[in-house]
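*Asks:* sequence and predicted model, in that order:
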Amino acid sequence: MRTTVISHDKAAKKRIEDKVRSADFSIDKSKPEIIFVYGGDGSLVYSERLYPGIPKVALRGSSTSKTHFYEESLLDVILTKIAEKKYTIKEYTKLSAKYEKNTLEALNEIQVHNKTQGIAVRFNLYAGDKKYENIVGDGALAATPFGSGAYYYSTGGEVFEKGIGIGFNNPHERTKNYVAKEDSIITIEIVRGDALLICDNNLKMIVMKPKDKVMIKKSNNVARFLRFSGL
């Protein structure tokens with residue numbers, strides 16, 4: 001089976017690659033069938049951006065990670081289970097954002113954030129029958145259930161299992177986060193000030209100007225992670 005390893009920790013990456021090879025798996029960065037990801041939440045969303053939809057094994061490499069499922073000490077057992085095809089694949093919702101000719105996809109969240117620190121952005125947000133107009137603050141975000149324990153949680157939201165979480169970042173008037181229906185289309189329109197359209201932890205951000213709109217909805221694509229019974 002063709003695999004590759006993603007980690008910012010060079011020593012950990014070499015350890016995992018050595019074990020993968022010793023289990024008769026090949027390392028193939030161009031066409032991997034399974035991705036081993038070692039690190040924190042950032043490494044996981046990066047791996048999905050690099051290899052969208054390809055099944056992944058999440059190995060915990062950070063004590064603060066909330067989404068990595070398995071300790072590296074279980075790797076030998078995991079490799080055996082993969083070879084014996086004793087695993088299931090769990091699918092996770094992703095979000096899609098359409099802005100002009102750009103389409104972005106996120107595993108955790110899509111957010112609109114004020115471009116200049118200290119200068120608030122004014123915006124409207126529409127989701128189904130809910131309307132939030134002339135909100136002043138640092139921005140807003142739409143989160144997946146997978147990402148509900150990440151940035152969405154830090155903005156005051158609670159972890160959820162279904163739907164799209166709508167969060168508000170430092171609004172001047174208290175505005176509660178809420179979970180919209182899974183089939184909702186969320187529109188964020190800039191009224192005043194410049195903003196950045198951000199997808200997960202991607203450093204490539206898009207500048208939005210007044211009157212610009214972004215439409216966010218559930219993606220037709222999913223992220224896939226290997227799960228192992230008993231581990």
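*Replies:* Nice, thanks for sending it over. Residues are numbered from 1 along each chain as shown.

*Asks:* show me the contacts for the nearest residue to Ile35 once chain neighbours are set aside.
*Replies:* Of all residues not flanking Ile35 in the chain, Lys56 sits nearest, at 4.4 Å (CB to CB, 6 or more residues apart in numbering). Where you see a C-beta, it was placed from the backbone N, CA and C, and this is true even at glycine. Contact analysis of Lys56 by CB atoms under 8 Å, 6 or more residues apart in numbering lists Ile34, Ile35, Phe36, Val37, Leu44, Ser47, Glu48, Ala223, Arg224, Phe225, Leu226.

*Asks:* Asp18 belongs to a strand?
*Replies:* No - per DSSP: H, G, I helix; E, B strand; the rest coil, Asp18 lies outside any strand segment and is helix.

*Asks:* worst-scoring helix or strand of the protein, pLDDT-wise?
*Replies:* In the chain, the helix or strand scored least confidently by mean pLDDT, DSSP states H and E is helix 151-154, which has a mean of 90.

*Asks:* distance between the helix or strand following that helix and the chain's centre?
*Replies:* Heading C-terminal from helix 151-154, the first helix or strand you meet, by DSSP states H and E, is strand 164-169. Its chain's average C-alpha position is 14 Å from that of strand 164-169, according to CA atoms, centre = their mean, to the nearest Å.

*Asks:* remind me, longest strand of this protein?
*Replies:* strand 213-227 (DSSP state E).

*Asks:* angle of that one against strand 164-169?
*Replies:* Going by axes from the mean of the first three to the mean of the last three CA atoms, to 10 degrees, strand 213-227 is angled at 120 degrees with respect to strand 164-169.

*Asks:* roughly how far out does strand 213-227 sit from the chain middle?
*Replies:* Centroid separation between strand 213-227 and its chain, computed with CA atoms, centre = their mean, is 9 Å.

*Asks:* same question, stretch 52-63
*Replies:* Relative to its chain's centre, stretch 52-63 lies at 12 Å (CA atoms, centre = their mean).

*Asks:* how about it: buried residues?
*Replies:* Residues of stretch 52-63 classed as buried by neighbour count (16 or more other CB atoms under 10 Å): Ile54, Pro55, Lys56, Val57, Ala58, Leu59, Arg60, Gly61, Ser62.

*Asks:* dump the residues you listed to a markdown table, plus distance to Lys90 and secondary structure.
*Replies:* Shown next, in a markdown table, are the buried residues of stretch 52-63 (distance: CB to CB, whole Å; DSSP: H, G, I helix; E, B strand; the rest coil):
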| residue | distance to Lys90 | secondary structure |
| --- | --- | --- |
| Ile54 | 14 | coil |
| Pro55 | 10 | coil |
| Lys56 | 10 | strand |
| Val57 | 12 | strand |
| Ala58 | 11 | strand |
| Leu59 | 16 | strand |
| Arg60 | 17 | strand |
| Gly61 | 20 | coil |
| Ser62 | 21 | coil |
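
*Asks:* which of these lies closest to Glu91?
*Replies:* Pro55 (9.7 Å; CB to CB).

*Asks:* so which elements touch the longest strand of the chain?
*Replies:* In this structure, strand 213-227 packs against strand 56-60, strand 88-99, strand 109-114, strand 164-169, strand 186-192, with contacts taken as 3 or more CB pairs under 8 Å, 6 or more residues apart in numbering; DSSP states H and E.
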